[in-house]
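Student: just a sequence and a predicted model for now, questions to come.
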Amino acid sequence: MSLEASVLELVRSAVTVKSAVLDDKRLVSGIAMLAETTRATLQGGGKVFFAGNGGSFADSMHLAAEFIARFDRDRGPLAAIALGTNNSALSAIGNDYSFADIFARELESLGRQGDLFIGISTSGNSENIVRAVTVAKDNQLEVCCLTGQDGGRLKGLADCLCVPSTVTARIQETHILIGHIVCELVDELFAE
């Protein structure tokens, strides 16, 4: 297969997943619900917390930055935090407790009732996200997770937006699409 043919096949693969999202009324409704929950959280003075590992960690920072700085329109800064970005806290928690506690411990110290936790895990089985969801629920935060096709362990613990794919790259591409949709819908409310 030529490189050009490979490029076309990969683009088709990405488009197929996005088309599946379009056809999944439950998923579309879930994305709208996450946007509404995010808007209500921020309007009520709450914070939005994100957490993920690897590429999902980068997505967490990316989405938090879209709220703090701006997405598409000028507006005031919105309270968003990507958990795990304080390297001293990350290494201390990982060393003194365990890597599985890195997000939960930080969320326990910063999260309050009225806040929102968005956990991102392509497999839905990341232990540190599972533990953070448990802490978030125990502390009465709203919770939503972005996962892959079957939702993994997270599906039984929280509302999950399950991307209809088992391919990590396609799942991550769709997670950032979902995040950008939420950002745009939130921007509409807070734009100056």
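Tutor: Great, that's in hand.
Student: so Ala69 sits against Leu78, correct?
Tutor: No. Shown here, Ala69 and Leu78 do not form a contact pair, counting by C-beta atoms under 8 Å, at 9.4 Å. Where C-beta positions appear, they are placed from N, C-alpha and C, glycine not excepted.
Student: more neighbours: these two, which one.
Tutor: More crowded of Ala69 and Leu78, by other C-beta atoms under 10 Å: Leu78, with 24 against 10.
Student: so how far is Glu4 from that one?
Tutor: 42 Å (C-beta to C-beta, to the nearest Å).
Student: same question, Ile102
Tutor: Distance, Ile102 to Glu4, using C-beta to C-beta: 42 Å.
Student: can you check Asn139 too?
Tutor: 52 Å.
Student: which one of the two is surrounded by more residues?
Tutor: More crowded of Asn139 and Glu4, by other C-beta under 10 Å: Asn139, with 15 against 8.
Student: could you pull out the helices in this structure for me?
Tutor: For the chain, the helices defined by DSSP state H cover 3-23, 25-43, 55-68, 87-96, 102-110, 127-138, 168-190.
Student: can you say which of those is nearest to Thr147?
Tutor: Comparing these against Thr147 with C-beta to C-beta, the closest turns out to be helix 168-190 (7.7 Å).
Student: which residues of the chain score low on pLDDT?
Tutor: 192 (pLDDT under 70).
Student: and if we set it to 50?
Tutor: Under the criterion pLDDT under 50, no range of the chain is flagged.
Student: pretty sure Cys144 sits against Thr37.
Tutor: Yes. Between Cys144 and Thr37 there is a contact at 6.8 Å, judged by C-beta under 8 Å.
Student: mutual contacts of these two, please.
Tutor: Here Cys144 and Thr37 share the contacting residues Leu116, scored by C-beta atoms under 8 Å, 6 or more residues apart in numbering.
Student: the closest residue to Ile129 other than its chain neighbours - how many residues pack around it?
Tutor: Leaving aside its sequence neighbours, Ile129 sits nearest to Gly119 (C-beta to C-beta, 6 or more residues apart in numbering; 4.2 Å). For Gly119, the number of neighbouring residues by other C-beta under 10 Å comes to 31.
Student: how far away is Gly119 from Ala5?
Tutor: Here Gly119 is placed at a distance of 37 Å from Ala5 (C-beta to C-beta).
Student: check Phe50 too.
Tutor: 37 Å.
Student: the two: which has the busier surroundings?
Tutor: Phe50 (27 against 9).
Student: ok, that one touching Ala64?
Tutor: Yes. Using C-beta under 8 Å, Phe50 makes contact with Ala64 at a distance of 5.4 Å.
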